[in-house]
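Asker: Got a predicted structure here, sequence first:
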Amino acid sequence: MDIILSNSSDEPIYAQIVSQIKAQIMNGELSPGDALPSMRTLAGQLRISVITTKRAYEELERDGFIENFAGKGCFVKVQNTDFLKEETIRQTEQLLEKACEKARMCGLTSSELKEMIDLIYGGEDYE
């Protein structure tokens, strides 16, 4: 499991861990039943506090991505495909909100932004 932390990011370290583990689960790099490193091991690998990894794992468990078994560790939870799709849609909406903010800042109209999205996405071919 590869996690890359950025000290220059506005996102807290625990949130960087959460988003990267979620992404690895959603894209299939981590499969249901895969064991995650212990909180202490991950903290040591990333050179961060165990408290930070504990917070990340707690959030992942609360969001339904992992499950913790006392004495055994944390494992990737078997996911409902509808749940994964909903999470991906939510993340896409957040990214689009940021894109819209940037577009407004530089004076792009919504039709110009839609045209840009169509070009990047691949046009009408993907409906």
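Answerer: In hand now; what should we look at?

Asker: okay, CA-based contacts and neighbour counts for the rest of this
Answerer: OK.

Asker: So for the chain, the centremost residue is which one?
Answerer: Centroid-nearest residue in the chain: residue 19, 2.7 Å away (criterion: C-alpha atoms, centre = their mean).

Asker: tell me the secondary structure for it?
Answerer: Secondary structure, DSSP: H, G, I helix; E, B strand; the rest coil: residue 19 is helix.

Asker: which ones are touching it?
Answerer: The contact partners of residue 19, taken as C-alpha atoms under 8 Å, 6 or more residues apart in numbering, number zero.

Asker: Next one, pLDDT for it please.
Answerer: We note a pLDDT of 93 for residue 19 in this prediction.

Asker: Residue 3 too?
Answerer: Among the per-residue scores, residue 3 shows a pLDDT of 95.

Asker: Contact partners for it?
Answerer: Counting by C-alpha under 8 Å, 6+ apart, residue 3 has contacts 17, 20-21, 46.

Asker: secondary structure class for it?
Answerer: coil.

Asker: can I get the contacts of residue 3 in TSV with neighbour count and distance to residue 88?
Answerer: Converted to TSV, these look like this (neighbours: other C-alpha atoms under 10 Å; distance: C-alpha to C-alpha, whole Å):
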residue	neighbour count	distance to residue 88
17	23	17
20	16	13
21	24	13
46	16	26
